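Enquirer: Using only what follows, build the 3D model:
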Amino acid sequence: MIHCRVLGPIEVTVDGGPAPPELLWRRNLGLLVYLARSPKRSRSREHLIGLLWPEKPEAAARHSLNEALRPIRRCLGEAAITAQADRVQLTADAVRLDTDEFETKAQSGDWPGAAALVAGVFLEGLAIPGASGFDEWLTAEQRYWNQRAIEALLHVAEHELDAGRVRDAAATAARARAIDPVCEAAVRVLMRALALDGDRAGALQACAELDQRLHRDLKVSPSADTTVLLERIRRERDIGTRAARPRGDTPERRRAPLAGREQDLAGLWAVWRGGPASGSAAAVVIAGDPGVGKTRLMDELVGRIRLEGALPAVIRAVESDRDAPWNGLLGLARGGLLEAAGVAAAPPLSLAWFASRIPEWADRFPMGYQAGAANAPAHAFHDVLHGALEEQPVAVVVDNAEWMDRESLLVLTEVLRDFARRPLLLVLAVPASPSRAELDELQSRIGRDVMGRVVRVGPLSAVAVRRLAEWAVSEFDAAALDRLARRVYADSAGLPLLAIELLNAVVLGLDLASIRGSWPVPYKTLDQTLPGDLPAGIVSALRVTFRRLSAGAQRVLQVAAVLDEPLDPGRLSRGTGLAPDATAEALDELEWNRWLTMDGRGYGFVARIVRDVIAQDQLTPGQRQRILAATGEGA
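Expert: Predicted coordinates:
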C-alpha cells in the first residue's frame, strides 16, 4: 500500500518504507494523489491526459500517462490498479491519504487527532508546469483543505484556551494562521491566547499584521468582531485586574502554566457559557485552603470573560471588612463597576450614595446632594447593577469572601434572585470550610435554584507537579525531573504557590539536595502555618526569588509586609521613597509573578505566609520603624 501525507509538504511511503525515486516525480505524484481524490478513485484516460499533459499530441500524451502509471503499478501490484482502454482506476485500499484519516477523525469528533495530521497547506510546494487544469484543481483542493485544517486547529485551540493552556492555544492558533494569514478567526484566537498569557503587545502586533495583510491582499479592513476584540485588549490594563507582562525573559519573570486545574477552569467556563453568555444569571464558588490557587483560577476566569465583553467588578476582602457594613459594595464600586456605560442610567439618588463615599464616583456624577439625600445602600447597588446589566454582562467577583461584611453578602444573594434573567455572574473564592451562614446558604442554592457550580480546589497531584517541573527546567532529563518533582511535591505538599517558588528557585541556583525539612505541620493550613514551620527549602526558595526581583520590587514587598492591607500605590510610594512610576512598575512585576494581587481598592499578598516570611526574613526592626514613620502609620 502507498501512504501519502498531503496535508503539508508531500511525504510518500510504500508498505512502510521509502518510495522509489521515480514515484516521487512531480507528474507521477500529481497523478497518484489526483486519482486517490477522484470519485470512486477512477478517471478516464482523456481526462487525465488533458489534466497533466495538455500540451502534448495525443499519442505522446498517452505514452506519458502509461509511463507515469508504471511506477505506481510497480509499487502496488497489477491487481491494485486497473488501466483499461478508456479508464484508470485504483482499488479502494491501494492508496491511503492522510486526508482520509483526517475526515474519519473529524467526523468522530477527534479534533486533536485531526489537527495532529496538519503540517501545512495541502500538497505544499507541488507545482506542475504547463498543467493548468491540475493547477485549478489544486487551488480548489487547497482552499477546501485549508478550511478543514483551520477548523480542526481552532477546535483544538479553543479547547486549550478553555482548559487554561494558553501557550498551547497560541501555538495551535499560530499554526492555523500560517495556513491562511488572513484568517481572522485564527488571529482572534491567537490574540486572546496572547492576551491571557499577559503578552498584550504580542496580541496587538498580531492584529496589526492581520490589518496590513488584509489591506494589501484583499483591500479590506478587519471585521467588527476583530476590531471589538482589539479594543478590549487595548483597555485590558486600564480596567485594572491584570498586570502587564514585565519586560525580559529571565526565570523570575516567567509565569507558570495553570497545571492541574484544566478541568476546574473548563467547568467554570461552562457555567459562563450556559449562564451569562446566554443571558441568565449564574454563580460559581471556588473553595479551597490558602495556597491552592483559588485566586489564580479566579483570575483566569475573569480574564476570559473580560475578552468576551463582560465587565468585572472585583474586590479582595480583608479581615477589617467583616465588621464594616457596606464595605463590600463600596469595594465593588471601586473595583470596576464605575466603568460600566449603563451605570449613568441609574436613578440620581442611587448614584448619590456611591458619589458621597467614593471620590471617583463623585468626579463622574457631581450632583452635589446633601448628606442623607441618597437611596439606601442595597437599593442603590441594585439600581446601579441594573443599569450596568442593561448594556453588558457583569461579573461580580469577591476573593476572600469569608471576610466580606454580612450586609453586602446578603445583597449579592438578593441580586442573583432579582436578576435571574440578566447576564450576571457572581464569583466567590472561599475557604474549604467557610464558617459563614450566608456563604453556606448560597452554596446550598447553587445547582438547585441558582445555575452554577461549586469547584473544590485541593493540592496539586504529583503528576501536575511533574508538569510544572518540566516547564521550569525543561533541560533536565527524565530521571532528574522525576527526582526534582518528588522533592518539590513533598516540600510543597502540592500547594502550587510553594511548588512554583521552589521550582523558580531551583532554576536560579537553589540546591534542594543540600536542604532538609518536612511540611506541612499536621492539621494546619498554609495560613495557620508560621514561617518557622516551613521546611528550609521553602524559606530558601522565597529568599532566592525575592533577591532576584528588581530593587524596586524588593522595596515594595518590604513595605507591603509592614502595612495593613489593602495597599494603595500612594502609601507604598511613600514607604519606599520611589517615584509613582517606579512604584507602578514594581507593582506590575510583583503582580505578574504572583507575589501580590489587586482589586480596585489596592494590593495584597497572595498568601499571608509569604508576607510573614518577608517580614521575618527580609526586614530589620529599624527598617520597619522607618517605613512606619515614612507613611505616618507608626504608633
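
Enquirer: got a list of what residue 631 touches?
Expert: Each residue near residue 631 by CB atoms under 8 Å, 6 or more residues apart in numbering is listed here: 559, 563, 571, 574-575. Heads up, the C-betas are built off the backbone N, CA and C, glycines and all.

Enquirer: and the protein, what are its domains?
Expert: Following automatic domain parsing, the chain resolves into domains at 2-132, 152-251, 262-456, 462-544, 548-631.

Enquirer: ok, residue 191 - contacts?
Expert: Counting by CB under 8 Å, 6+ apart, residue 191 touches 203-204, 206-207, 229-230, 233.

Enquirer: if we go to 7 Å?
Expert: Contacts for residue 191 (CB atoms under 7 Å, 6 or more residues apart in numbering) come out as 203, 206-207, 229, 233.

Enquirer: likewise residue 342?
Expert: 387-388, 390-391.

Enquirer: and it, that one's in a strand?
Expert: No. Per DSSP: H, G, I helix; E, B strand; the rest coil, residue 342 lies outside any strand segment and is helix.

Enquirer: so what's it closest to, chain neighbours aside?
Expert: Leaving aside its sequence neighbours, residue 342 sits nearest to residue 391 (CB to CB, 6 or more residues apart in numbering; 3.5 Å).

Enquirer: re the thing from before, ok, of the contacts of residue 342, which come out buried?
Expert: Buried members of the contacts of residue 342, scored by 16 or more other CB atoms under 10 Å, are 387-388.

Enquirer: Now render the contacts of residue 342 as CSV, adding distance to residue 188, pLDDT and secondary structure.
Expert: Listed next are these as CSV, based on distance: CB to CB, whole Å; pLDDT from 0 to 100; DSSP: H, G, I helix; E, B strand; the rest coil:
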residue, distance to residue 188, pLDDT, secondary structure
387, 29, 95, helix
388, 25, 95, helix
390, 26, 94, helix
391, 23, 93, helix
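
Enquirer: for the contacts of residue 342, which one is nearest residue 102?
Expert: For the contacts of residue 342, the residue nearest residue 102 by CB to CB is residue 391; the value is 43.3 Å.

Enquirer: Pretty sure the closest one sits against residue 341.
Expert: Yes. With contact defined as CB atoms under 7 Å, residue 391 counts as touching residue 341 (4.8 Å).

Enquirer: Show residues contacting stretch 153-170.
Expert: 111-112, 115, 118, 172-173, 175-176, 185-186, 189-190, 192-194, 196-197, 257-258, 261-262, 265-266, 269, 300.

Enquirer: Walking through this structure, point out its strands one by one.
Expert: 2-5, 11-14, 17-18, 42-44, 81-83, 87-90, 95-97, 282-287, 311-316, 394-399, 424-430, 452-456, 596-599, 602-605 (DSSP state E).

Enquirer: Nearest to residue 33, out of those strands?
Expert: The nearest among the strands of the chain, by CB to CB, is strand 2-5 at 6.1 Å.

Enquirer: what is the rounded mean pLDDT of that closest one?
Expert: Summarised as a single mean, pLDDT over strand 2-5 is 95.

Enquirer: before we move on, the earlier item: show only the entries of the contacts of residue 631 found in helices.
Expert: Among the contacts of residue 631, the members falling in helices are 559, 571, 574-575 (criterion: DSSP state H).

Enquirer: Rebuild these as CSV, extending it with distance to residue 398 and pLDDT.
Expert: Formatted as CSV, the ones in helices among the contacts of residue 631 follow (distance: CB to CB, whole Å; pLDDT from 0 to 100):
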residue, distance to residue 398, pLDDT
559, 26, 93
571, 23, 91
574, 29, 92
575, 27, 92
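
Enquirer: Identify, from the residues you listed, the entry nearest to residue 25.
Expert: Closest approach to residue 25 among the ones in helices among the contacts of residue 631 (CB to CB): residue 559, at 73.2 Å.

Enquirer: Who are the contact partners of the closest residue to the closest one other than its chain neighbours?
Expert: Distances taken as CB to CB, 6+ apart put residue 575 closest to residue 559, at 3.6 Å, once the chain neighbours are dropped. Shown in contact with residue 575 (CB under 7 Å, 6+ apart): 559, 563, 627, 630-631.

Enquirer: How about residue 194?
Expert: The contact partners of residue 194, by CB under 7 Å, 6+ apart, come to 170, 202-203, 206.

Enquirer: Quickly note the distance from it to residue 597.
Expert: Per CB to CB, to the nearest Å, residue 194 is found 22 Å from residue 597.

Enquirer: do residue 346 as well
Expert: 29 Å.

Enquirer: The two - which one has more neighbours?
Expert: Applying other CB atoms under 10 Å to residue 346 and residue 597 shows that residue 346 carries more neighbours, namely 25 against 22.

Enquirer: What is the neighbour count of the closest residue to residue 426 other than its chain neighbours?
Expert: Distances taken as CB to CB, 6+ apart put residue 283 closest to residue 426, at 4.2 Å, once the chain neighbours are dropped. By other CB under 10 Å, 25 other residues sit near residue 283.

Enquirer: measure residue 283 to residue 85 for me?
Expert: As judged by CB to CB, residue 283 and residue 85 stand 74 Å apart.

Enquirer: Can you list the buried residues in stretch 147-156?
Expert: For stretch 147-156, by 16+ other CB under 10 Å, it's 148-156.

Enquirer: Take the residues you listed and keep only those in helices.
Expert: Among those, the members falling in helices (DSSP H) are 148-156.

Enquirer: in this structure, which helix or strand is least confident?
Expert: Using mean pLDDT, DSSP states H and E, the weakest-scoring helix or strand in the chain turns out to be helix 236-239, at a mean of 52.
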